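Peer 1: take this sequence and fold it.
(2 chains)
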Amino acid sequence: YFAGLDATAPTNSHELAIPNDFIGCIIGRQGSKINEIRQVSGAHIKIASATDGSAMRQVTITGSPASISVAQYLINALEMAKYTMQAASSATPVDLNLTFSQSAPTASTAATSMAVLAATTPAPTTINVHSPSTLSTIQNPHYAVPISSLLGMKALPVLAVHPATSSLMQGLSPYTAKMPTSSIKKSERQKFAPY
DNA sequence: TACCCTA
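Peer 2: Predicted structure coming up:
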């Protein structure tokens, strides 16, 4: 008997709208990125066809809460990476300089996106990390795929923010141990030091 | 800049 397996691994679904400009980088070439997200998260991800009159693509994520959380995070991270790239390339420093005239624009932009990501990540209360099924899911071999290659950037400080993904990092510990910890620059560490 | 997957 696998009593309680279905009860502790409910199938939820979450829908979100992604702008057409961002959906490309989320899907990737021949769907490489979205397929990797599907494999890593273990969630069913449905991306609707382009809707006329709307600049959005409807994305439906289905699976266990943990799977949805991982998929959601990866999509958000890719979207944020795209957003920060656009923000960095756009040479229009606007009202932010009024409040932070002394700080560098790039630093404030990065810190803001971190805060945005932390705010947009789903509520931690929906995920019961201590349930046995969730733990076995996290220790699934699928999670051995290095996520950093997916994101194409060093997102380790952001990963630490998300509770679900921080427990995910336990499963990734053999990989994170091999990762150069010194890649976190001192300037970034100063950025997040509250004192 | 765009990447167009799976169902």
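
Peer 1: buried set for the longest helix seen in chain A?
Peer 2: As assigned by DSSP state H, the longest helix anywhere in chain A is helix A:65-89. By 16 or more other CB atoms under 10 Å, the buried positions in helix A:65-89 come out as A:65-84. Placement of C-beta: from N, CA and C, glycine included.

Peer 1: ok, which of those also contact DNA strand B?
Peer 2: Among the buried residues of helix A:65-89, the residues within reach of DNA strand B (CB under 7 Å from any atom of the strand) are A:Lys82.

Peer 1: returning to that earlier point: so for the longest helix of chain A, mean pLDDT?
Peer 2: Model confidence over helix A:65-89 averages 84 on the pLDDT scale.

Peer 1: where does chain A dip in pLDDT?
Peer 2: Within chain A, the stretches with pLDDT under 70 are A:1-9, A:85-86, A:89-195.

Peer 1: around DNA strand B, which positions in it sit nearby?
Peer 2: If contacts are counted using CB under 7 Å from any atom of the strand, the residues of chain A sitting beside DNA strand B are A:20-21, A:23-25, A:27-31, A:33-35, A:38, A:44-50, A:57, A:82, A:86, A:89.

Peer 1: now, the residues you listed that are in helices?
Peer 2: Counting by DSSP H, the part of the residues of chain A next to DNA strand B found in helices is A:20-21, A:23-25, A:27, A:33-35, A:38, A:82, A:86, A:89.
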